[in-house]
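> Requesting a structural model of the entry that follows:
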Amino acid sequence: MVSVDNLFEPIDHDTVVDSVTEQIEGLILAGVLKEGTKLPSERDISERMGVSRPKVREALKRLEDSNLITIRHGEGSFIAPLISAAMSPALINLISRNQTAFYDYLEYRRVQEGFAARLAAERATKLDLERLEAILENLRDAQARADDIASKKNDIAFHLAIVDASHNAMLIHMMSSIYELTQKGVFYNREFLRSIDGTGEQLLEQHEEIGRAIFSRNGAKAEEAAHRHIDFVETSFRLGQDQQRRELISSKLYALQRGEE
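This is a model prediction of the structure:
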């Protein structure tokens with residue numbers, strides 16, 4: 001559940017239910033409330049906004065009717081699936097098994113992440129930059145400890161933080177969907193990438209380079225650094241897969257020769 005502090009604003013309009021509804025819709029649109037996020041309780045919302053609980057309940061029901069939230073009795077209210085449903089489980093499974101589709105995924109990320117990095121350099125707030133720096137510090141620590149799980153978690157968090165710092169609602173929701181699938185390993189096998197010698201250090205440096213460009217407010221450099229990062233990922237995957245194929249052929253030849261001895 002998200003913290004209620006500084007999330008909602010007091011309401012002094014005549015149409016109370018409309019105002020409550022519009023505030024929550026605005027937070028969803030801006031990407032502050034992402035799908036799956038648990039909303040604060042009715043009591044917390046009503047106290048923060050300065051309205052009655054029945055009015056909050058009516059607004060939440062309106063949002064549920066609009067398919068923007070789901071209300072689970074005994075559990076609370078949650079932001080409904082917003083983007084992920086655009087891809088069916090069958091299509092996701094097909095894409096995950098298709099090598100060409102994987103490189104299409106990287107091509108899409110290259111364009112969108114370059115755009116996001118440029119916007120972040122231009123629009124990021126002080127809090128956005130502090131969040132990015134904290135994630136970079138986590139990435140440094142994970143690399144030093146050779147912690148692949150923490151590296152993967154903070155890798156995705158870093159890219160998501162850049163998208164959030166773009167303050168572009170469409171980009172935030174589309175890329176949140178992509179990163180959710182990435183986190184589940186549908187597209188992006190970071191463990192395989194890190195198994196290639198030296199990629200861990202290079203990935204960290206590339207993230208640092210993107211961060212430096214954003215911190216210095218240089219949109220062009222941020223976009224270029226983001227493009228280079230995805231280009232490196234694609235090249236590394238191609239080289240790694242070529243090496244795997246060569247090793248497989250070598251193992252078959254060796255097995256055949258052993259059988260003839």
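
> can you give me the mean pLDDT across the helix or strand containing residue 234?
Per DSSP states H and E: residue 234 is located in helix 219-260. Confidence over helix 219-260 (mean pLDDT, whole number) is 85.

> again, but for stretch 21-30
Rounded mean pLDDT across stretch 21-30 is 90.

> cool, and stretch 97-106?
Per-residue scores along stretch 97-106 average to 81.

> Return the distance of that stretch from the chain's centre.
18 Å (C-alpha atoms, centre = their mean, to the nearest Å).

> what's next to it, contact-wise?
For stretch 97-106, the surrounding residues in contact (C-beta atoms under 8 Å, 6 or more residues apart in numbering) are 94, 95, 96, 178, 187, 188, 230, 233, 234, 237, 241. C-beta coordinates here come from the backbone N, C-alpha and C atoms, glycine included.

> Give me the helices and strands touching the helix holding residue 234, please.
Helix 219-260 makes packing contacts with helix 99-123, helix 190-194, helix 199-215 when contacts are defined by 3 or more C-beta pairs under 8 Å, 6 or more residues apart in numbering; DSSP states H and E.

> Which among those helices is found nearest to residue 245?
Smallest distance to residue 245 across the helices and strands packed on helix 219-260 (C-beta to C-beta): 11.7 Å, for helix 99-123.

> Direction-wise, compare that closest one with helix 219-260 and give the angle.
Per axes from the mean of the first three to the mean of the last three C-alpha atoms, to 10 degrees, the angle that helix 99-123 makes with helix 219-260 is 160 degrees.

> starting at the chain centroid, how far to the helix holding residue 234?
The chain centroid and the centroid of helix 219-260 are separated by 25 Å under C-alpha atoms, centre = their mean.

> returning to what we had before: any idea which of the contacts of stretch 97-106 is the one closest to residue 47?
Proximity of those to residue 47 was ranked by C-beta to C-beta; the top entry is residue 178 with 36.3 Å.

> tell me the average confidence for the helix or strand harbouring that closest one?
For residue 178, the host element (DSSP H and E) is helix 169-183. What helix 169-183 shows for mean pLDDT is 84.

> other SSEs contacting it?
If contacts are counted by 3+ C-beta pairs under 8 Å, 6+ apart, helix 169-183 sits against helix 99-123, helix 148-166.

> Tell me which of the helices and strands packed on helix 219-260 approaches residue 132 most closely.
Counting by C-beta to C-beta, residue 132 lies closest to helix 199-215 out of these; the figure is 5.8 Å.
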